[in-house]
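1. test case, fold it:
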Amino acid sequence: MRRLTALKAALAVGLLGLTSAAWAQDPVKIGLILPMTGQQASTGKQIKAGVDLYIKEHGDTVAGRKIEVILKDDAAVPDNTKRLAQELIVNDKVSVIAGFGVTPAALAAAPLATEGKVIELVMAAGTSIITERSPYIARTSFTLAQSSVPLADWAAKNGIKKVVTMVSDYAPGHDAEKSFSDRFKEAGGEVIEAIRFPLANPDFAPFLQRAADAKPDAIMVFVPSGQGGTFMKQFTERGLDKAGIKVIGPGDVTDDDLLPAMGDAVLGAVTAHFYSADHPSAKNQAYVEAFKKANNFRPNFMSVGGYDGMHLIYEALKKTGGKADGDTLIAAMKGMSWESPRGPISIDPETRDIIQNVYMRKVEKKAGELYNVEFATFEGIKDPVKAAKK
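-> Numbers count the residues shown, from 1 in each chain. Here you go, the predicted model:
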């Protein structure tokens, strides 16, 4: 009887070992949902390049498990995002859905992340509320308020008294408009007009004319990554630069991906943002060099959202010993901190949102190319919208 019991125990241990070994050999699948086509295609291109570079530098195996990335193009259409997220969770059995070029896409996937208990890792979309929509959401990009509040502080202290706000008419634009305006008014500034324009295919010219007629000291503009070049072109064509009106805003308007082609009219534009390709750290200089070598174009802020997103996944898997279920992974991600090409960052353990430095930058010419050159730093900024709710 004792021998039979011992044999059963040995068999049980052996079977457990075989199951664990089989589990360890299963790949960790990451569903990368990005706008690879359409108006936000530059966002998808940059994030995918950041993801690829991280894997190239760190290998495709972590904690004994192969990393498999499955790329899906949603063209920034939320209905597409929802369908693709469901397919990835149900059919492909992914542990993480990641990417999300615009806020409506991230929000469309949130209920599926909750139902499937898989991580939704936001590498781009910037509306404050996103992380509140599922306990499985974490973010490695930014919130609009993180940049807009420091921008308002800077503007009020630097001779800007009257501002027209111009924003895309969707949630991130509303966040940028409100957080900037509230803080600017508190500091004694005046918002003389608030203009919103369509997100899709906007013609900025009539809105710029309205802004010019108001005769502000500056226009505070938010457009999603990819539209800044068109805005600045029309700003110049309408002669607002010659009228002495300044352009200020979150960093999307002078996106590093498009900045080299914007022309000298953008010189002097001041933005607040969490990343510049000109960020003067050794880590960023190495990142920019490797990124350019791999892609033949300059990295922008979206690229570091993808690069840091992969870092968060890798380090969480190391911490869990390769366990990739949603509850275990999200617990491992909370409070994690590291040095990014953008500077020091961490994941807020309470909100699962990113904490990071925000830099004031001015467009200048260096070695014949336009860059966002940092001149001041606001350190360790949490999302101000969530902070205000406490």
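
2. CA atoms for contacts and neighbours, from now on please.
-> Will do.

3. tell me where this structure has helices.
-> Counting by DSSP state H, the chain has helices at residues 2-25, 41-58, 78-90, 103-116, 144-157, 171-186, 205-214, 228-237, 282-295, 301-320, 326-333, 384-389.

4. need those in a markdown table (columns: mean neighbour count).
-> Listed next are these as a markdown table, based on neighbours: other CA atoms under 10 Å:
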| stretch | mean neighbour count |
| --- | --- |
| helix 2-25 | 12 |
| helix 41-58 | 21 |
| helix 78-90 | 19 |
| helix 103-116 | 21 |
| helix 144-157 | 24 |
| helix 171-186 | 22 |
| helix 205-214 | 16 |
| helix 228-237 | 19 |
| helix 282-295 | 15 |
| helix 301-320 | 24 |
| helix 326-333 | 19 |
| helix 384-389 | 12 |
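
5. how about the ones you listed, which one is nearest Phe378?
-> Set against Phe378 and scored by CA to CA, these come closest in helix 144-157, at 7.2 Å.

6. low-confidence regions, the protein specifically.
-> For the chain, the stretches with pLDDT under 70 are 1-24, 390.

7. what sits closest to Gly126 if chain neighbours are left out?
-> Thr143 (4.3 Å; CA to CA, 6 or more residues apart in numbering).

8. contact partners for the one you found?
-> Taking CA atoms under 8 Å, 6 or more residues apart in numbering as the criterion, Thr143 is in contact with Ala125, Gly126, Thr127, Ser128, Asp383.

9. can you list the helices of the chain in a markdown table and add distance to Ile355?
-> Formatted as a markdown table, the helices of the chain follow (distance: least, CA to CA, whole Å):
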| stretch | distance to Ile355 |
| --- | --- |
| helix 2-25 | 32 |
| helix 41-58 | 19 |
| helix 78-90 | 27 |
| helix 103-116 | 19 |
| helix 144-157 | 9 |
| helix 171-186 | 17 |
| helix 205-214 | 34 |
| helix 228-237 | 25 |
| helix 282-295 | 18 |
| helix 301-320 | 13 |
| helix 326-333 | 13 |
| helix 384-389 | 10 |
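
10. closest one to Asn357 among those?
-> Comparison of the helices of the chain against Asn357 by CA to CA identifies helix 144-157 as nearest, at 8.9 Å.

11. picking that back up, need the contacts of Thr143 in CSV (columns: distance to Ala109 and neighbour count).
-> As requested, the contacts of Thr143 are exported to CSV (distance: CA to CA, whole Å; neighbours: other CA atoms under 10 Å):
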residue, distance to Ala109, neighbour count
Ala125, 12, 26
Gly126, 15, 27
Thr127, 14, 25
Ser128, 16, 21
Asp383, 22, 23
